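Undergrad: Fold the following.
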Amino acid sequence: MEAAVYILTNAGNNVLYVGATAKRLKQRIWEHKEKLVKSFTAKYDINKLVYYEGCEDAEQAFKRERQLKNWHREWKINLIDKFNPTWKDLYPELE
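TA: Prediction:
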């Protein structure tokens, strides 16, 4: 999967981060886990992948990211609950 939009959380599942990438999703999430992305996610140890959507291209991924960032927190939680009811880290399942 090349372009994607994703939601990360922390160990307590109480902070949500919406991101998008034009890279392979597995590579991008690895960068978050290794704190190579010096940002909000590194500062607050947000590296658990709980949701993702593959996109046709980077433009679509970044458009969807902007849309999700404008959603209410409750809507994001409902989206995650439907996709990943146990909120497990989906990173190990990525190819």
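Undergrad: List the buried residues for stretch 9-27?
TA: For stretch 9-27, a neighbour-count test (16 or more other C-beta atoms under 10 Å) marks 9, 16, 17, 18, 19, 20, 21, 25, 26 as buried. Where C-beta positions appear, they are placed from N, C-alpha and C, glycine not excepted.
Undergrad: can you give me the helices for this protein?
TA: 25-33, 40-43, 58-69, 73-83 (DSSP state H).
Undergrad: From the chain's centroid, how far away is the longest one?
TA: The one in question is helix 58-69. 12 Å (C-alpha atoms, centre = their mean, to the nearest Å).
Undergrad: before we move on, the earlier item: can you add distance to residue 3 and give the helices of the chain back as TSV?
TA: TSV is the format used below for the helices of the chain (distance: least, C-beta to C-beta, whole Å):
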stretch	distance to residue 3
helix 25-33	9
helix 40-43	19
helix 58-69	4
helix 73-83	18
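Undergrad: what's the most buried one of these?
TA: Most buried of those, by mean neighbour count (mean count of other C-beta atoms under 10 Å): helix 25-33, with a mean of 19.
Undergrad: Can I get it in PDB? Just the C-alpha atoms.
TA: Extracted in PDB, the C-alpha atoms of helix 25-33 (Å, rounded to 0.1, in the frame of the first residue of the first chain):
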ATOM      1  CA  LEU A  25       2.400   2.700   5.400                       C
ATOM      2  CA  LYS A  26       4.600   0.100   7.200                       C
ATOM      3  CA  GLN A  27       7.600   2.400   6.600                       C
ATOM      4  CA  ARG A  28       5.800   5.500   7.900                       C
ATOM      5  CA  ILE A  29       4.500   3.800  11.000                       C
ATOM      6  CA  TRP A  30       8.000   2.300  11.700                       C
ATOM      7  CA  GLU A  31       9.300   5.900  11.600                       C
ATOM      8  CA  HIS A  32       6.800   6.900  14.200                       C
ATOM      9  CA  LYS A  33       7.700   3.900  16.400                       C
END
